[in-house]
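Trainee: everything below, folded, please.
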Amino acid sequence: MKIMVIQGPNINMLGKRDRRIYGSMTMSDIHEQMKAVADQAGVGIEFFQSNFEGEIVDKIQECLGEFDGIIINPAAYTHTSIAIRDALAAVNLPTIEVHISNIYQREEFRHKSLIAPVCAGHIAGFGPIGYHLAIIGMLQIFEQLKRMESASQNA
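Mentor: Residues are numbered from 1 along each chain as shown. I've put the predicted structure just below:
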């Protein structure tokens, strides 16, 4: 099983950007911790970050047939990108949306996620640990898919 982690705009600025909201961990720190958890679970994991919507859409499309699930922090595109939403719906892979901050405690325009309705789960407000929770969630989804596949083969 393989997971693609997609990070949206300004996630590369973690550790420098508004530490009051996002904390002091860098994107690299988060990725190192995610890799350690994935390795322990025997799951492959790769990382991608872009500040450009089209590159994120391209990466989502490239996941089809290569990855079993996506963990995505679309960042500001959460609230604006129908293109990212449509790409996730098109590849139809289990996807978990992650936000470091609680988007529902922030400005009104951040309260609506265009991405969440096409995701298996949505994690917000737990800081960088949210990515760890997303891996745990994805492992549970993989286990459920295996059980369903096994049941259909035995039927």
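Trainee: ok, now which ones touch Ser101?
Mentor: If a contact means CB atoms under 8 Å, 6 or more residues apart in numbering, then Ser101 has 21-22, 124-125 as its contacts. Every residue, glycine included, has its C-beta placed from N, CA and C.
Trainee: model confidence at it, what's the number?
Mentor: According to the prediction, Ser101 has pLDDT 81.
Trainee: buried ones among the contacts of Ser101?
Mentor: 22, 124 (16 or more other CB atoms under 10 Å).
Trainee: CSV please, covering the contacts of Ser101 and showing distance to Pro94.
Mentor: Converted to CSV, these look like this (distance: CB to CB, whole Å):
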residue, distance to Pro94
Ile21, 28
Tyr22, 26
Ala124, 18
Gly125, 21
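Trainee: now the helix or strand encompassing Ile71: average pLDDT?
Mentor: Element membership for Ile71, per DSSP states H and E: strand 69-73. The average pLDDT within strand 69-73 is 98.
Trainee: what about the protein, any weak spots by pLDDT?
Mentor: Along the chain, the model assigns pLDDT under 70 to residues 105-107, 109, 111.
Trainee: that older thread, whatever helix or strand comes next after the strand holding Ile71 packs against which elements?
Mentor: Per DSSP H and E, the first helix or strand lying C-terminal to strand 69-73 is helix 82-91. Using 3 or more CB pairs under 8 Å, 6 or more residues apart in numbering; DSSP states H and E as the contact test, the elements touching helix 82-91 are helix 53-63, strand 69-73.
Trainee: list the buried residues in helix 82-91.
Mentor: Under 16+ other CB under 10 Å, the buried positions of helix 82-91 are 84-85, 87-88, 91.
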